[in-house]
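Visitor: Turn this into a model:
(2 chains)
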Amino acid sequence: MNLLVNGESYELAVDAERTLLGVLRHELELTGTKYGCGEGTCGACTVLVDGNAIRSCNTPVAAAAGREVTTIEGLADGDTLHPVQDAFIEHTAFQCGFCTPGFIMSSAALLSRIPDPDDGQIRSALSAHICRCGVYGRILRAVKTAAERSGRAEGEQR
Amino acid sequence: MTVDNAHEDAALIVMGPPRWIEDPALRDTAGAEARLLSMDRQGRVTAFSGKVEYGQGIRSGFALAIADELDVPVASVRVVLGDTGMVPHDRGTTGSASTRTVGAQLRRAAATARRTLISLASERWAVDAERLTTGDSQVVDGEDPGRKISYSELLQGQALTVPIPEDAAIKTPEGFELMGRDAQSTDALSRVTGQAKYSRDFAVPGMLYGRVLYPPSHGASLRELDTARAKRVLGLVSLIQEDDFVGVIGEREDIVDYALDAIRARWDEVPDLPSDWDLPDFMKRSQGETVVLREEGSLAAGFNQAEHVLESTYVVPFVSTAPMEPGAAVASWDGDSLTVWCGDRSPFGVREGLALALGVSEEQVRVITTEVGGSFGTRNTPRLACDAARLSKAAGRPVRVASSRSEEFEQSTVRPAALIEIRSGVKADGTITAWEYMAYHAGGGAFRGQRGADTLYNTPNVRVAVAGTESPLNSGSYRSLGGAVNHFAREVHIDEIAATVGMDPVELRLANLSHPRLRHALAEAAKGFSWGSRGQGTSVGFGAAIGYDAGSYVAECVELAVEGPEVKVQRVVAAFDCGLVTDPDGARNQVEGSIMMGIGTALWEAVEFDGGRVLNATFSRYRVPRITDTPEIEVMLVGDPGTPSTGAGEPAIVPIAAAIDNAVYDATKTRIRELPIVPRLPQ
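Guide: Next up, the predicted model:
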């Protein structure tokens, strides 16, 4: 099957039922996407498929075939971090960092859908994620900062 | 394998015991003399510590402190943590002690390196060292500011080893350039780009994958086994059985998951273990040795002076640490030498456990700590490392064993459940005259329940005692251990006293409290929160609680709303005193995290179990705080910078459950003495 991940095309001979998470981590060695629960309740395995945030731990790899998959390793544009990544650094919106890639992917998907989300929309978009270190307040601030920055950058481009 | 070049290239090595112990009488507990810091001829600094980084920010905090003491950029400081082949023997990362013991000693090591560089320049220029100063990786002549020499140049051709002198002079807060300010974490980039490697991200060439069959309940032993189906799983390399140890090894993680699921086993489980519903009775029945922590005055006299006598029992369930990363370990043998990569907070403890379990010497074992995806008390047993090492030995190839989420819930230790009985006597003016405290904490003797059991309120007639009991689950460490549990009972009881005598809960606390730091924290929290501003909405509640832990003091005020059975924490103000703060944003981050974790234990978290079997070993059945539960949190750091640094990772969890419970009482006028809180509205 053909898998398009972070702009690279891979021809893989894998069972269709294997999870997207397992294939990303094992076959492509993209270990930034994490296993946290295996039942889609913690969000650590979140990746983008055609721009939508999905749980890769309970998604069969076949469901992603031929579609555009983005993982945390492919979110930055070369050396330029995504505004969400920058904002997570600025607000130290992490402690142990294990849940961080998942939160960042869902936040990026949110901002591409709603460039200027309110507090409730951010909470709702990230409600299926768990951060056991409890840095939620920082994540809220980081996503708001990223939204403001992206909004300004777009304004400048116009 | 990482090659340790730091030693060979070193131009300057600073030696000392790994910990700084202020009290000379206790100094022999500081650990054996070891290399703590080295500089190479490019002026780059490497520091070594047996502590590990699991989210508390010590790698970054150490780097910042060392850079400040040595006047070098943070980017030129590398901190090596938790690699038994490179770092000094340490006892593990526990008790919020890293900054106050190891951090302090690394600052002294950096100050020693700086002093050595100054004396090298003083010899070279034949001037008095007193007139020399440092800045930007250079020694500068204070009387001739044009004269400068870089650390790198000073270190050419040198191979010095210096001990930390007793009087090593570290900077005072006025001289800090990096410490005491908000700084970007040195780990930030790897965290946000997915480059940080946790134990289950770690792979070595030729590695296979393993899983181990664990008993379904604490103390169960294997009776019958059927492996026929498991052996037919495609890609399985081997199935190992040695007595009770059963493991599968395969080419991929999903293959060993299938194979493990295909094994059928019958177990002899410990009979008549209690379930969650009859645990309190079981605990009192199985009480072990009682340790009296304090007994002063006369309880009889104290109760005689009292206008009111209050007697209450508090019940706290087992709770799970549930770190986001389910544990994993990679083991690789080279002849009789073993290297293990894992995310444990006590790498030397793992090395000792491995040596013992595998019959090799500790010198043959190297444990390298990866990034650790959370601890909160767990990650302190060599179980996964031993499993990986046994399977690797059997396979003759490196093996990674990675836990499922359910295994993480079932095999990690849980915070001891507790039953706490308090009897107090109080005068009409709110003066406490008698305090009798008896706590039963499940498992592990009385030790786990002692932390935070004593009271800092003025209690002339007092008895504080703690007993361990038997435990149906494998109980162990947790953030603040029994501290948060003891504080829940005590701080709710204090609120009950306030309600009984009709006093404001903050006023009553201050009236019975002489401890200056606790008084200060409480006054600051109440002021920051606008404690007196409570409106008269029936479903809104204010609650306060105070606490001490790991040498620090904390007060928290909570505002919440009760809507049916739902409690919505809206605002938390914390005043936190951990003395001198070298990394304020890091400290605030820890306080915020402690509060979030404590909200979970107050409102939802409880391990459900039946006869030793955990019933809710998934995140869909074990409810933890989420972003939708997050209140506005304000953290005020109120410590005196002239007071030495104390712990920051744990203390803020100790008052929060009581503050929430007290606020629920304020909203509903119904007192709840059991966690998690299920509020009952007035009928």
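Visitor: who's in contact with the residue in the stretch 301-450 of chain B positioned nearest to chain A?
Guide: Residue nearest to chain A within the stretch 301-450 of chain B: B:Gly373 (3.2 Å; C-beta to the nearest C-beta). (Glycine included, C-beta is placed from N, CA and C.) Applying C-beta atoms under 8 Å, 6 or more residues apart in numbering or on different chains, one finds that B:Gly373 lies in contact with A:Lys34, A:Cys96, A:Gly97, A:Phe98, B:Tyr54, B:Gly55, B:Tyr198, B:Pro323, B:Met324, B:Glu325, B:Gly343.
Visitor: Format those residues as JSON lines; extra columns: distance to B:Thr630 and pLDDT.
Guide: Shown next, in JSON lines, are the contacts of B:Gly373 (distance: C-beta to C-beta, whole Å; pLDDT from 0 to 100):
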{"residue": "A:Lys34", "distance to B:Thr630": "21", "pLDDT": "98"}
{"residue": "A:Cys96", "distance to B:Thr630": "18", "pLDDT": "96"}
{"residue": "A:Gly97", "distance to B:Thr630": "19", "pLDDT": "97"}
{"residue": "A:Phe98", "distance to B:Thr630": "18", "pLDDT": "98"}
{"residue": "B:Tyr54", "distance to B:Thr630": "22", "pLDDT": "92"}
{"residue": "B:Gly55", "distance to B:Thr630": "17", "pLDDT": "89"}
{"residue": "B:Tyr198", "distance to B:Thr630": "25", "pLDDT": "97"}
{"residue": "B:Pro323", "distance to B:Thr630": "19", "pLDDT": "97"}
{"residue": "B:Met324", "distance to B:Thr630": "16", "pLDDT": "98"}
{"residue": "B:Glu325", "distance to B:Thr630": "21", "pLDDT": "97"}
{"residue": "B:Gly343", "distance to B:Thr630": "26", "pLDDT": "95"}
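Visitor: Quick one: low-confidence residue ranges for chain B.
Guide: B:1-8, B:92-97, B:446, B:535-538, B:680-683 (pLDDT under 70).
Visitor: So the residue with the largest distance to the centre of it versus B:Thr630, what's the distance?
Guide: Distance from the C-alpha centroid of chain B, by C-alpha atoms, centre = their mean, peaks at B:Ala126 (49.7 Å). Distance, B:Ala126 to B:Thr630, by C-beta to C-beta, to the nearest Å: 62 Å.
Visitor: hmm, back to that, next, give me the two most distant ones among the contacts of B:Gly373.
Guide: Maximum pairwise distance among those (C-beta to C-beta): 14.9 Å, between A:Lys34 and B:Tyr54.
Visitor: what pLDDT does the residue positioned nearest the centre of chain A get?
Guide: The centroid of chain A falls nearest to A:Met105 when counting by C-alpha atoms, centre = their mean (1.6 Å). As predicted, A:Met105 sits at a pLDDT of 98.
Visitor: Buried residues, the host helix or strand of it. List them.
Guide: Counting by DSSP states H and E, the element that carries A:Met105 is helix A:100-113. Going by neighbour count (16 or more other C-beta atoms under 10 Å in any protein chain shown), the buried part of helix A:100-113 is A:Thr100, A:Pro101, A:Gly102, A:Phe103, A:Ile104, A:Met105, A:Ser106, A:Ser107, A:Ala108, A:Ala109, A:Leu110, A:Leu111.
Visitor: any idea how far it is from the chain center?
Guide: 5 Å (C-alpha atoms, centre = their mean, to the nearest Å).
Visitor: anything in it sitting right up against chain B?
Guide: Yes - using C-beta under 8 Å from any C-beta of the partner chain, we find that helix A:100-113 touches chain B at A:Thr100, A:Pro101, A:Ile104.
Visitor: Who are the packing partners of that helix?
Guide: Helix A:100-113 is packed against strand A:46-49, strand A:52-55, helix A:83-90, helix A:119-125, helix A:136-157, helix B:188-192, with contacts defined by 3 or more C-beta pairs under 8 Å, 6 or more residues apart in numbering or on different chains; DSSP states H and E.
Visitor: how does it look with 6 Å?
Guide: strand A:46-49, strand A:52-55, helix A:83-90, helix A:136-157 (3 or more C-beta pairs under 6 Å, 6 or more residues apart in numbering or on different chains; DSSP states H and E).
Visitor: Need the contact partners of the longest one.
Guide: Identification of contacts with helix A:136-157 by C-beta atoms under 6 Å, 6 or more residues apart in numbering or on different chains yields A:83-84, A:87-88, A:91, A:93, A:103, A:107, A:111, A:115-116, A:122, B:592, B:627, B:630, B:633.
Visitor: try the second one
Guide: Residues from elsewhere that reach strand A:52-55 (C-beta under 6 Å, 6+ apart): A:Gly40, A:Cys45, A:Thr46, A:Met105, A:Ser106, A:Ala109.
Visitor: nearest to B:Leu513, of the residues of helix A:100-113 next to chain B?
Guide: For these, the nearest to B:Leu513 is A:Thr100 (40.4 Å; C-beta to C-beta).
Visitor: Does the closest one touch B:Thr193 like I think?
Guide: No - the pair A:Thr100 and B:Thr193 does not pass the contact test of C-beta atoms under 6 Å, sitting 9.5 Å apart.
Visitor: burial of the residue of the stretch 201-350 of chain B found nearest chain A, as a residue count?
Guide: Using C-beta to the nearest C-beta, the single residue of the stretch 201-350 of chain B nearest to chain A is B:Asp201, 3.7 Å away. Applying other C-beta atoms under 10 Å in any protein chain shown, we find 27 residues neighbouring B:Asp201.
Visitor: wait, what's in contact with it?
Guide: Counting by C-beta under 6 Å, 6+ apart, B:Asp201 has contacts A:Thr31.
Visitor: how much space between it and A:Leu48?
Guide: 20 Å.
Visitor: again with B:Ser221
Guide: Counting by C-beta to C-beta, the gap from B:Ser221 to A:Leu48 is 47 Å.
Visitor: neighbours around the spatially closest residue to A:Cys57 that is not a sequence neighbour, how many?
Guide: Nearest residue to A:Cys57, sequence neighbours excluded (C-beta to C-beta, 6 or more residues apart in numbering or on different chains): A:Cys45, at 4.1 Å. For A:Cys45, the neighbour count with other C-beta under 10 Å is 28.
Visitor: go on, B:Glu363?
Guide: 10.
Visitor: repeat for B:Ala10
Guide: Using other C-beta under 10 Å: B:Ala10 sits among 21 other residues.
Visitor: What's the separation between it and chain A?
Guide: 30 Å (C-beta to the nearest C-beta, to the nearest Å).
Visitor: residue contacts, residue 37?
Guide: Went with chain A since none was named. Contacts of A:Cys37 by C-beta under 6 Å, 6+ apart are B:Arg405, B:Phe619.
Visitor: that's the other chain; I wanted chain B
Guide: B:Val14, B:Ala47, B:Ala109.
Visitor: Using TSV, lay out those together with secondary structure.
Guide: Shown next, in TSV, are the contacts of B:Leu37 (DSSP: H, G, I helix; E, B strand; the rest coil):
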residue	secondary structure
B:Val14	strand
B:Ala47	strand
B:Ala109	helix
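Visitor: The residue of chain A found nearest chain B - how many residues pack around it?
Guide: For chain A, the residue closest to chain B is A:Gly32, as judged by C-beta to the nearest C-beta, at 1.9 Å. By the criterion of other C-beta under 10 Å, A:Gly32 has 25 neighbours.
Visitor: Distance check, the spatially closest residue to it that is not a sequence neighbour against A:Arg138.
Guide: In space, and not counting its chain neighbours, A:Gly32 is closest to B:Gly194: 1.9 Å by C-beta to C-beta, 6+ apart. Separation of B:Gly194 from A:Arg138 (C-beta to C-beta): 19 Å.
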